[in-house]
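Undergrad: Give the three-dimensional model of this entry:
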Amino acid sequence: AIKPARTRFAPSPTGFMHLGSLRTALYNYLFARHTQGQFILRIEDTDQKRTVEGAEESIMETLRWAGLHWDEGPEVGGGHGPYKQSKRTALYRSHAEQLLLDGAAYRCFCGPHRLEALAATRQAAGLPVEYDRRCHNLTSSESDQRAASGEPHVIRLLAPEKWPAFNDEVYGRISYGANTRAHAEGSFEDPVLLKSDGTPTYHLANVVDDHFMEITHVIRGTEWMPSTPKHAHLYRSFGWLPPKFVHVGLLMGKDKQKLSKRNGSVMVSEFREKGYSPEALVNFVALLGWSHGGGGKSDVLTLTQLVQRFNIEGLTAGNTVVNSEKLPFLQKAHLRKQFEENRDTEEVEVEKVEKAVRALYGDKYNLPLPSSPPPLAPSPPNTGH
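TA: Now for the predicted structure:
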């Protein structure tokens, strides 16, 4: 039997929920429920400049609408809080300090002007544009003195000659090339862990939180895969055991480009406004990159059935093209199911349609509704083809 998993959905309140983030939340929820574990909601709000007012509340409302209730997180509490990164700054700072003491990180006092000039000069010479490690040459007493006098600085992670390889549950063993050549050319990809205002970057906060929240499986999109070797190195530097990594491919439009407003509907709110039910949308999103292995069995699955069937082995490698044509079919199937189980649902749906029609046509709408609702969509004429 699989051990109970602790998974997390960790959105940034920099925008509203789109299909990709709903799918990430859903897969984390399904795996936690399938293993009788816990599903945690964490708000990654360290980038206050990009925070959108109302986004956090909207994300939570969308999750509840979809039926994805979290076991720990904002408004719910739990034993591993606080669940907002802006309230955990002291923890990140103390761990950045620990890395400094261990020699795994160093303070960098170079200001933005020097870094821009360095990048421009190196680019003109056809060299890699990463940092030149100038501040790594400072003695620890000089670094301590400058920091104590209040000189602005960041804390950088000391990149190894080669980032560690890691195992991905979907893609297998992932290994990136060595940094030897770039290092020989005086270019070092030493990621910033703590910014000059004392707030953490994604890398540090993510690893520290996943460790202290005892996350067992990190399920996220493949856009985060290039960051994972840095995270694996951070776990190693802290002497912690990393969680299992599970990356899922991106959602693409029909033009095989990343799904965006340009090539399809992206926001969950758009589907809600069109009247799609949470059951249909959740079912639709679950099948974008996961196969239930039903062998001819129906694709119409309730949230309970998805929980029963979900497994990591069913996740497919590679990106998934979103074909919205399946959504109306799933909507019809779920409504039919609900009507069969509960006649009251039918009345509620009829009232919803009537209200929408009145809102659309106003006073022009005065026709009585037929005593029995019309079919949800006419069948196409049988032309014999």
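Undergrad: can you give me the strands in the stretch 1-150 of the chain?
TA: Using DSSP state E, counting those that start in this stretch, the strands found in the stretch 1-150 of the chain span residues 6-9, 38-41, 105-108.
Undergrad: Which one, of the ones you listed, ends up nearest to S86?
TA: strand 38-41 (14.8 Å; C-beta to C-beta). Heads up, the C-betas are built off the backbone N, CA and C, glycines and all.
Undergrad: For the closest one, buried residues please.
TA: For strand 38-41, the neighbour count (16 or more other C-beta atoms under 10 Å) marks Q38, F39, I40, L41 as buried.
Undergrad: hmm, which two among those residues are most spread apart?
TA: The most widely separated members of the buried residues of strand 38-41, counting by C-beta to C-beta, are Q38 and L41 (10.6 Å).
Undergrad: Residues that sit against both of these two, list them.
TA: Common neighbours of Q38 and L41 (criterion: C-beta atoms under 8 Å, 6 or more residues apart in numbering): E72.
Undergrad: quick one: low-confidence ranges for the stretch 1-150 of the chain?
TA: Regions of the stretch 1-150 of the chain meeting the criterion pLDDT under 70 cover residues 1.
Undergrad: cool, and the stretch 251-385 of the chain?
TA: Using pLDDT under 70, the flagged stretches of the stretch 251-385 of the chain are 261-265, 295-296, 343-346, 353, 356-357, 360, 362-385.
Undergrad: need the helices for it, in chain order.
TA: 268-273, 278-286, 303-309, 326-341, 343-361 (DSSP state H, counting those that start in this stretch).
Undergrad: one step back: go through the buried residues of strand 38-41 and name the one nearest E161.
TA: I40 (35.1 Å).
Undergrad: Any idea how far stretch 144-159 is from the middle of the chain?
TA: 31 Å (C-alpha atoms, centre = their mean, to the nearest Å).
Undergrad: Return it as PDB; C-alpha atoms alone will do.
TA: C-alpha atoms of stretch 144-159 as PDB (Å, rounded to 0.1, in the frame of the first residue of the first chain):
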ATOM      1  CA  ASP A 144      30.500  40.500   7.900                       C
ATOM      2  CA  GLN A 145      31.700  44.000   8.500                       C
ATOM      3  CA  ARG A 146      30.000  45.400   5.400                       C
ATOM      4  CA  ALA A 147      26.800  43.700   6.200                       C
ATOM      5  CA  ALA A 148      26.900  44.900   9.800                       C
ATOM      6  CA  SER A 149      27.300  48.500   8.600                       C
ATOM      7  CA  GLY A 150      24.000  48.200   6.700                       C
ATOM      8  CA  GLU A 151      25.400  47.900   3.100                       C
ATOM      9  CA  PRO A 152      22.800  46.500   0.800                       C
ATOM     10  CA  HIS A 153      23.500  42.900  -0.300                       C
ATOM     11  CA  VAL A 154      21.900  39.700  -1.500                       C
ATOM     12  CA  ILE A 155      22.800  36.100  -0.500                       C
ATOM     13  CA  ARG A 156      23.800  33.800  -3.400                       C
ATOM     14  CA  LEU A 157      24.000  30.100  -3.500                       C
ATOM     15  CA  LEU A 158      27.400  28.800  -4.500                       C
ATOM     16  CA  ALA A 159      26.800  26.700  -7.700                       C
END
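Undergrad: Does R134 touch G111 like I think?
TA: No - R134 lies out of contact with G111 (C-beta atoms under 8 Å); the separation is 11.7 Å.
Undergrad: leaving aside the residues next to it on the chain, what's closest to Q36?
TA: P4 (5.1 Å; C-beta to C-beta, 6 or more residues apart in numbering).
Undergrad: Could you pull up the contacting residues of that neighbour?
TA: A32, T35, Q36, G37, Q38 are the contacts of P4 under C-beta under 8 Å, 6+ apart.
Undergrad: How about the backbone phi and psi for it?
TA: Main-chain torsions, P4, degrees, to the nearest 10: phi -60, psi 130.
Undergrad: Just list the residues touching A66, thanks.
TA: A66 neighbours (C-beta under 8 Å, 6+ apart): L22, A25, L26, V268, P278, L281, V282.
Undergrad: Do I have it right that the first one meets S269?
TA: Read that as L22. No - applying C-beta under 8 Å, one finds L22 not in contact with S269, separated by 10.8 Å.
Undergrad: And the helices in the stretch 51-200 of the chain?
TA: 55-65, 89-102, 112-124, 140-148, 180-184.
Undergrad: Count the neighbours of V129 for me.
TA: 14 (other C-beta atoms under 10 Å).
Undergrad: Look up how far Q85 lies from it.
TA: For V129, the distance to Q85 equals 29 Å [C-beta to C-beta, to the nearest Å].
Undergrad: do the same with L68
TA: 20 Å.
Undergrad: ditto for W163
TA: 24 Å.
Undergrad: just to revisit the earlier point, could you single out the most deeply buried of the helices of the stretch 51-200 of the chain?
TA: Highest mean neighbour count of the helices of the stretch 51-200 of the chain: helix 55-65, a mean of 18 (counted as mean count of other C-beta atoms under 10 Å).
Undergrad: what sits up against that one?
TA: Outside helix 55-65, the residues within contact range by C-beta under 8 Å, 6+ apart are 9, 11, 13-17, 21-22, 25, 41, 43, 45, 69-70, 74-75, 268-269, 272, 278.
Undergrad: Now render the contacts of A66 as a markdown table, adding neighbour count and distance to T302.
TA: Formatted as a markdown table, the contacts of A66 follow (neighbours: other C-beta atoms under 10 Å; distance: C-beta to C-beta, whole Å):
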| residue | neighbour count | distance to T302 |
| --- | --- | --- |
| L22 | 25 | 17 |
| A25 | 27 | 17 |
| L26 | 26 | 13 |
| V268 | 24 | 19 |
| P278 | 18 | 11 |
| L281 | 23 | 13 |
| V282 | 26 | 9 |
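Undergrad: Now distance to L158 too, for those, in JSON lines please.
TA: JSON lines is the format used below for the contacts of A66 (distance: C-beta to C-beta, whole Å):
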{"residue": "L22", "distance to L158": "38"}
{"residue": "A25", "distance to L158": "34"}
{"residue": "L26", "distance to L158": "38"}
{"residue": "V268", "distance to L158": "41"}
{"residue": "P278", "distance to L158": "47"}
{"residue": "L281", "distance to L158": "45"}
{"residue": "V282", "distance to L158": "44"}
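Undergrad: Sweet, I'm off.
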